[in-house]
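**Q** predicted model, plus sequence, below.
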Amino acid sequence: MNRKAFLLGFFSIGGQVLLLRELVASFNGDELFIGTALFGWMLAVASGAGFGGRKKTGIKTAVLFTIGIILLPATVIIARLSPLLVTDTPGEVIRFSVAAVLSIIIMIPVGIISGWLFSAITREGYRPAKSIVRVYLFEGIGSFIGGVMIAALVGQIFSTLAMSMALSVIVIGLYWLPDKKPQVYLMPGLIVVLLIAIRFVIPSFDSYLDSIKYRSFDVEQSFDTHYGRQTILSRNESIILLTDNTVEAIYPDLMRAENILLPPILYKPGECDILYIGRAEFGVMQLADSLDNVRLSTLDPRKTLSAEIDKYIYPSNRLNRINDDQLAYFIRRRALSKYDIIILHPGDPDSHKNGRLLTSEFLNQTKSMLKKDGILFYSSPYDSDRYISPEKKTLLALINNTLGRAFDYVRFWPGENTFFFASDDTLINIPPETVIARTGTLKYRPQYINDIYLADRFGEIKTARLENALDISDQVNIRDKPVLPYYQSIFRSSADGLDRTLIPFVFKHQLIILVLPVLVVALMLFLVLQRKRRRSFGLFLYFVAGIVSLSLELLVFYVYQSTSGSLYSEMAVLIGTFMFGLAVGTYYSFQIDKENLEYPALLLLLTSIIVYYATHDKIGSASVLIYHICFLFTVAVATGSLFVAATDRCYYGRSQSNRGVGYAIEIVGSSIGALTAVTILLPLLGLQWLLISFIILVLITLVGAILTA
């Protein structure tokens, strides 16, 4: 039973992390779908655990593992090709409602098998409490080891699809590992041979899948990095870079290059050092080469991608590449490098990965890298050349206010891409006529950013329209309340009827968030008033363990990415650490075998949240990963102990009861946390108030536990 439970954890972590990675990569890099996908996963696991716990569903674990290892890579393939159900245009944004539904559905098959396996393995023991806790323990150990392995291998050795196949080989190989010699030594050798074959065969299959997905283009390269999925396409001498199924850059594109590089130079002519945050190889690098007075540096963490791009676009000897995460670079190099101009080009702010670069905290960090009269330039994706919709006004005002929070002066240009210039110096306050005149002083003759184009762009009607739009709101995008990606979702929702109804509803009816705490309190009161209230309240402990722990896990994902760097590579380590903490908490609590374990468990959970509330924004970048690992581990230990306490309440003296019900209720709580914590509550309440709400929930649960002792 122990080996099977260990392999369940190994399989379960693979199902979660690999499918999450693939779904985020397929749906334009938007981490909001982590919540909806986990909601689908948790409901599926709960359904599988509840159904599998019934007596009449005694399918053998060997059959369930076999089905699971076939389903996992098949589902990864389905997730990758799922955008074709909506569009065959490369990089087209998938509607939120459609992507949310698909992310839930795609997680269901593997999730059901995972939950079913839990119940099937626990039924191999006689005593319910002992077998449930034992499986929970070894599942956590397997999840931790699997999480560390996935974090180390995916993006470096294996693609997501290759890792799903490698994980399937390991699971089935260890499941059928013989007990006799010399067969016991042959199986690991066979596993290694198969892993090597997967490493060298699957990349070609990855490219084949992308050739189906992007059938009207030639697929030059297709590979995973720690920062997402990269695809390089070509057609008619054009090179297209896709990151997570989103068009990041096209070469050649002179109009885009001039619009990105020349506007800030017109405010600061002469010798200048420029830092470009993004990929400059697709036109900006070539244009900078034609300007003798420009020294260009680029900041992007994807070193592997640089080597692949160089195969198709000849690199410039003058380009200084800085291979580092944007946040980490600004924190580490604060006093060592200064630039005249910083060009911020993170892509559309439809994800936390991009939106974190448009918070007041990050913009304040950029100031430290600018010279005294330096300029920050941001080319927004919003058209203000003509009519400006209410959704667009909100976004433009939000960006303007956020820049104004960090810099003394902010200037804007209306146009197809609204430009924002920010500085602590008055040099950006010169009249438009001076800016237009400077186009004639450049050694390079612009084809697009010329006097005729700028005279039209600076028209009084357009400028006045944009000024009025920027006065619509005083809201600021900050790290503790990241509203920019959510307003971007509302903006995009206007293109679809269902999205237009669904997404703005929550923001326009914010009191709806009161429904969740009212339902939770009502559920607790109902259970407290039951005749067998000690046993009934055990179900509420399961629920609280699920909703609080999963919500905190997702919040850690957000905070870590917003304060340190990438989430892709660390997600598996964080999930694995959480599962290992569950195992430790479960093992320790089961060993001491004391009554009322819920008291110390709830107190530990309460203390960890309070400490996190007080310290999460005071940790340096070098320690932030260790800090969050320790926090998740502590939360998980408390959750594991709470699981044991709930099991003791519910199953004591009930050997014939459904052993999947308690686990299923915990998973239901987790699914609610997955759907609401980051997707809905974070932008409405903010991080601080969300943590306070969990502190209150744990306190209420502690009172309920005392009343039902």
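**A** Great, that's in hand.
**Q** which residues touch the helix or strand harbouring Glu308?
**A** According to DSSP states H and E, Glu308 maps onto helix 303-309. If you take CB atoms under 8 Å, 6 or more residues apart in numbering as the criterion, helix 303-309 is touched by 221, 223, 225, 230, 232, 241, 279, 281, 300, 315, 321, 323. Backbone N, C-alpha and C define where each C-beta goes, glycine included.
**Q** just stretch 41-52 next, same as before
**A** Contacts of stretch 41-52 (CB under 8 Å, 6+ apart): 15-16, 19, 57, 59, 104, 107-120, 546, 550, 658, 660-661, 663-665, 667-668, 670-671, 674.
**Q** what mean pLDDT does it have?
**A** Across stretch 41-52, pLDDT averages out at 81.
**Q** need the helix or strand of this protein with the lowest average pLDDT.
**A** Evaluated with mean pLDDT, DSSP states H and E, the helix-and-strand set of the chain has its lowest mean pLDDT in helix 497-508, which scores a mean of 61.
**Q** pLDDT of the helix or strand harbouring Leu454, averaged?
**A** Assigned by DSSP H and E, Leu454 belongs to helix 451-457. Taken as a whole, helix 451-457 has a mean pLDDT of 88.
**Q** let me see the ranges of the helices in the stretch 401-550 of the chain.
**A** With helices called from DSSP state H, counting those that start in this stretch, the stretch 401-550 of the chain shows them at 432-438, 451-457, 460-470, 484-493, 497-508, 515-528, 533-563.
**Q** rewinding a little: who touches the helix holding Leu454?
**A** 413-415, 432, 435-437, 439-440.
**Q** go through it and flag the buried ones.
**A** Neighbour-count burial for helix 451-457, counted by 16 or more other CB atoms under 10 Å, picks out 453-454, 457.
**Q** and what of stretch 408-418?
**A** Applying a neighbour-count criterion of 16+ other CB under 10 Å, the buried positions in stretch 408-418 are 409-415, 417-418.
**Q** per the record, what domains does the protein have?
**A** Residue ranges for the domains of the chain, per automatic domain parsing: 2-202+509-707, 252-300+324-483.
**Q** weakest of those domains in terms of mean pLDDT?
**A** Between those, the lowest average pLDDT goes to domain 2-202+509-707, which shows a mean of 81.
**Q** tell me how far that domain is from the chain's mean position?
**A** On the basis of CA atoms, centre = their mean, to the nearest Å, domain 2-202+509-707 sits 16 Å off its chain's mean C-alpha point.
**Q** what do you get for stretch 407-416?
**A** Counting by CA atoms, centre = their mean, stretch 407-416 is centred 30 Å from the centre of its parent chain.
**Q** the stretch 551-700 of the chain: helices as residue ranges?
**A** Listed in chain order, the helices of the stretch 551-700 of the chain (DSSP H, counting those that start in this stretch) span residues 568-592, 598-615, 624-651, 661-676, 682-685, 687-707.
**Q** ok, now the stretch 51-200 of the chain?
**A** Counting by DSSP H, counting those that start in this stretch, the stretch 51-200 of the chain has these helices, from start to end: 61-81, 96-122, 128-153, 160-175, 183-213.
**Q** which stretch among those comes nearest Met524?
**A** Distances from Met524 to each of these were compared using CB to CB; the shortest belongs to helix 128-153, at 22.8 Å.
**Q** tell me what the closest one is packed against?
**A** Counting by 3 or more CB pairs under 8 Å, 6 or more residues apart in numbering; DSSP states H and E, the packing neighbours recorded for helix 128-153 are helix 2-26, helix 96-122, helix 160-175, helix 568-592, helix 624-651, helix 661-676.
**Q** reformat the ones you listed as JSON lines; add mean neighbour count and distance to Tyr382.
**A** Below are these laid out as JSON lines (neighbours: other CB atoms under 10 Å; distance: least, CB to CB, whole Å):
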{"stretch": "helix 2-26", "mean neighbour count": "25", "distance to Tyr382": "24"}
{"stretch": "helix 96-122", "mean neighbour count": "24", "distance to Tyr382": "18"}
{"stretch": "helix 160-175", "mean neighbour count": "22", "distance to Tyr382": "33"}
{"stretch": "helix 568-592", "mean neighbour count": "23", "distance to Tyr382": "28"}
{"stretch": "helix 624-651", "mean neighbour count": "24", "distance to Tyr382": "32"}
{"stretch": "helix 661-676", "mean neighbour count": "25", "distance to Tyr382": "29"}
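**Q** for the stretch 251-400 of the chain, which segments count as strands?
**A** The residue ranges that make up the strands of the stretch 251-400 of the chain, judged by DSSP state E, counting those that start in this stretch, are 272-277, 294-299, 320-322, 339-344, 370-379.
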